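Student: Structure of the sequence below:
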Amino acid sequence: MKIRFTVCLFASMISMATLGCGNEGRGGPVTSADLALTTVPAGVQCVKVVVTIGSSTINPPLMTVAAGASSASLSLGQLPVGSATFQGSAYNVACSAVTSSTVANWVADPATATLSYGSVASVPMNFRSNSPVTVKANFEASVAEVYTTEWASYARMSDGTVTQWGGTGIFNNVTPTAVPSLTNVSSIAGGNSFACAVKTDGTVWCWGYNWQGGNMGPGIGAYTWTMTPVQIPGLLGYGPVTDVSAGANHVCAVTSAGYLFCWGDNSMGQFGIGTTGTYNPTPVLIRMSISAVTAGNTFTCALDSFGNVMCAGLNDQGQLGNGTQGNSSSFVQIWPGGAIAIAAGFTHACLIALDSTARCWGMNFYGNLGDGTTTMRLSPVVVTGLSNVVRIGAGSSHTCALLQNGTVSCWGSNLYLGTGQVSNQPLPVQVPGLSGVVALHTNLGDHTCVDLPDNSVKCWGDNTNGQVGNGTCDFTPKPTTVLF
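Tutor: Okay, the predicted model is just below:
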């Protein structure tokens, strides 16, 4: 229902001095206005009209309307001439009950008219039922970092909290869920059904499944779940931890002073300390002058301050890159300086060289080394046709790279490339529909995620456990938005 207000303006001349402060002794035209109401709905008892003319706002007194009246005639009083805008509100309560916080039951679209001395103007004002909406503002933190694993994904939020999706065991959510009791996080890493976070104070905290009593640190029983993060001891005194990476069942961390520590599974010599063992729940000091570390399934690669790359652990698929297939419990150097980044997957690994090209080595059954073949490579080989690489991620059977122009290219198993390809791709192919990508995340598993400039995250690939984060467990061949 609409209320139609017609404002009839009758011109008259009075002294501007009657209008109040600052007008004494000045003359000028004003108009006298009456308001006629028709089709008044039952319930309306009070009407308010505000008139704006130039820089002046006139607030005539509230006008009482008899409840259920069919019409009413109200006085707006005297108004200056000029271009005027009328705004109205109507209330289902008495004028005596209307305050500044009272919500109008009816509101009018602004109506305009030019008020001229000596003329009569008619201003229709159509009032509509007011249906106020209460808006709940949700101020959510944006994504600062994402880490993908075989069965789950993790996001560090800009407010220092962490969310996770996917997973197995007691944790299996298809959309992001906050990790309890975890704040002030500066970086994250995930392994086989567990994850670790570095806090801003340089301490490391882990949660999830403690496979055989090592990857979660001491004090947590073997084959035990804990969803509340626990602190890993033995890392203090060497500078705060700045980098952490998790393999299947082991974790490695680098401190600001360049010390490398590992804990968890060392059955394949992946600590690089010259021996093999079972599980070490307390971090073991490995070596110094390390700037970055990446933990593969059962091997580890490290980057030192000179750009040298070295690896240790299982080598059945050539994942150590030292020209052999023999395991090594000590680190063996495979790249003589100039590397700027490293990434370890399930059974292959890659580096970014100083010239921004990529090199990969290890298992190549699906073409996941990007050299145009499916031949296992025991030493690093160039990824064909790829330049200006700024970030690289190695999964289980595929590899992806973020290029300087903000696009993403992937190669390997057709199922996980984000391109909808029907066959494996031994050479890089660009993922369609992605531009301006800020960061890329592919670690160990068969899915990939990217950060976009609008703080959204898109993922694709294996979604058996909901690790793509789109609310389903359906395989996702192309990038889809994570439902934060």
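
Student: how many other residues sit next to the closest residue to residue 192 other than its chain neighbours?
Tutor: Of all residues not flanking residue 192 in the chain, residue 248 sits nearest, at 4.4 Å (Cβ to Cβ, 6 or more residues apart in numbering). For every residue, glycine as well, the C-beta is placed using N, CA and C. Using other Cβ atoms under 10 Å, residue 248 has 22 neighbouring residues.

Student: now swap in residue 369 and tell me
Tutor: 33.

Student: my guess is it meets residue 347, correct?
Tutor: No: in this structure, residue 369 is not within contact of residue 347 by Cβ atoms under 8 Å, at 11.0 Å.

Student: Which neighbours do the two have in common?
Tutor: Contact criterion Cβ atoms under 8 Å, 6 or more residues apart in numbering; residues shared by residue 369 and residue 347: residue 362.

Student: Tell me how far the most centrally placed residue in the chain lies from residue 281.
Tutor: In the chain, the C-alpha nearest the mean C-alpha coordinate belongs to residue 143, at 3.1 Å (Cα atoms, centre = their mean). Going from residue 143 to residue 281 by Cβ to Cβ, to the nearest Å gives 31 Å.

Student: just residue 372 next, same as before
Tutor: Distance, residue 372 to residue 281, using Cβ to Cβ: 44 Å.

Student: now do the same end-to-end measure for stretch 219-238.
Tutor: 22 Å (Cα to Cα, to the nearest Å).

Student: what residues does that stretch touch?
Tutor: Contacts of stretch 219-238 (Cβ under 8 Å, 6+ apart): 169-171, 179-182, 196-197, 202-213, 216-218, 241, 251, 253, 255, 257, 259, 261, 263, 279, 281-283, 285.

Student: rerun at 6 Å
Tutor: 169-170, 180-182, 203-205, 207, 209-210, 212-213, 217, 241, 255, 257, 259, 282-283 (Cβ atoms under 6 Å, 6 or more residues apart in numbering).

Student: For ChimeraX, what selects the buried ones among the residues you listed?
Tutor: What follows is the ChimeraX syntax for the buried subset of the contacts of stretch 219-238, where burial is set by 16 or more other Cβ atoms under 10 Å:
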select :182,203,204,205,207,209,210,213,217,241,255,259,283
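
Student: Secondary structure of residue 415: a helix, I assume?
Tutor: Yes: according to DSSP: H, G, I helix; E, B strand; the rest coil, the state of residue 415 is that of a helix.

Student: Pull the number of nearby residues for it.
Tutor: Counted with other Cβ under 10 Å, residues neighbouring residue 415 total 18.

Student: Quickly note the distance from it to residue 423.
Tutor: 10 Å.

Student: Can you list the low-confidence ranges for the protein?
Tutor: Across the chain, the ranges flagged by pLDDT under 70 are 1-38, 67-68, 71-75, 120-121, 132-140.

Student: if you set the cut-off to 80 instead, what comes out?
Tutor: By pLDDT under 80, the weakly predicted segments of the chain are 1-41, 66-79, 116-126, 131-141, 169-171, 213, 278.

Student: Domain parsing of it, as residue ranges.
Tutor: 3-129, 143-481 (automatic domain parsing).

Student: start to end distance for the last one?
Tutor: When you say that, I think you mean domain 143-481. 13 Å.

Student: ok, and the closest non-adjacent residue to residue 304?
Tutor: Using Cβ to Cβ, 6+ apart, the nearest residue to residue 304 is residue 289, at 5.1 Å.

Student: Please narrow the contacts of stretch 219-238 to those residing in strands.
Tutor: The strands, defined by DSSP state E, take in 204, 205, 207, 209, 210, 241, 255, 282, 283 from the contacts of stretch 219-238.

Student: Quick check: the two most widely separated of these?
Tutor: Farthest pair in the ones in strands among the contacts of stretch 219-238 (Cβ to Cβ) is 209 and 255. Separation: 26.0 Å.

Student: for the stretch 301-450 of the chain, what spans make up the strands?
Tutor: Secondary structure of the stretch 301-450 of the chain by DSSP state E, counting those that start in this stretch: the strands cover 309-313, 328-335, 339-344, 348-353, 358-362, 377-382, 389-394, 398-403, 408-412, 425-430, 439-441, 447-451.

Student: Report the angle between the longest one and strand 339-344.
Tutor: Computed by axes from the mean of the first three to the mean of the last three Cα atoms, to 10 degrees, the angle separating strand 328-335 from strand 339-344 equals 140 degrees.

Student: cool, the first one as well?
Tutor: Note on geometry: by the same axes, to 10 degrees, strand 309-313 and strand 339-344 are set 20 degrees apart in direction.

Student: ok now strand 309-313, how far from the chain's centre?
Tutor: A distance of 33 Å separates the centroid of the chain from that of strand 309-313, by Cα atoms, centre = their mean, to the nearest Å.

Student: Which strands or helices does it pack on?
Tutor: strand 299-304, strand 328-335 (3 or more Cβ pairs under 6 Å, 6 or more residues apart in numbering; DSSP states H and E).

Student: which residues sit against it?
Tutor: 268-270, 272, 298-303, 320-321, 328, 331, 333-335, 339, 342, 351.

Student: before we move on, what about the fifth one?
Tutor: With Cβ under 6 Å, 6+ apart as the test, strand 358-362 has contacts from 317-319, 321, 347-352, 369-370, 377, 379-380, 382-383, 386, 389, 392, 401.

Student: Give the partner strands of it in its sheet and their orientations.
Tutor: According to DSSP bridges, strand 358-362 has the following sheet partners: strand 348-353 (antiparallel), strand 377-382 (antiparallel).

Student: and the angle from it to strand 299-304?
Tutor: 150 degrees.

Student: angle of strand 358-362 against strand 408-412?
Tutor: Using the same axes, to 10 degrees: strand 358-362 against strand 408-412 is 20 degrees.

Student: What of the fourth one?
Tutor: Using the same axes, to 10 degrees, the inter-axis angle of strand 348-353 relative to strand 408-412 is 140 degrees.

Student: quick one, the stretch of helix or strand residue 229 belongs to and strand 204-210 angle?
Tutor: Take DSSP states H and E as the rule and residue 229 turns out to sit in strand 224-231. Interaxial angle of strand 224-231 relative to strand 204-210 (the same axes, to 10 degrees): 180 degrees.

Student: Just the buried positions in strand 224-231, please.
Tutor: Buried positions in strand 224-231, judged by neighbour count with 16+ other Cβ under 10 Å: 225, 226, 229, 230.

Student: what residues are up against residue 164?
Tutor: Here residue 164 is in contact with 152, 154, 179 (Cβ under 6 Å, 6+ apart).

Student: what do you get if the cut-off is 10 Å, keeping everything else the same?
Tutor: 147, 149, 152-155, 171, 173, 176-179, 188, 190, 195, 207-208, 227, 467, 469 (Cβ atoms under 10 Å, 6 or more residues apart in numbering).

Student: now, which of the residues you listed lie within strands?
Tutor: Counted as lying in strands by DSSP E, out of the contacts of residue 164, are 147, 152-155, 173, 176-178, 188, 190, 195, 207-208, 227.

Student: Sort out which of the residues you listed are buried, if you could.
Tutor: Buried among the ones in strands among the contacts of residue 164 (16+ other Cβ under 10 Å): 147, 152, 153, 154, 155, 173, 176, 188, 190, 195, 207, 208.

Student: What is the nearest of these to residue 130?
Tutor: When those are compared against residue 130 (criterion: Cβ to Cβ), the nearest one is residue 176, at 37.4 Å.
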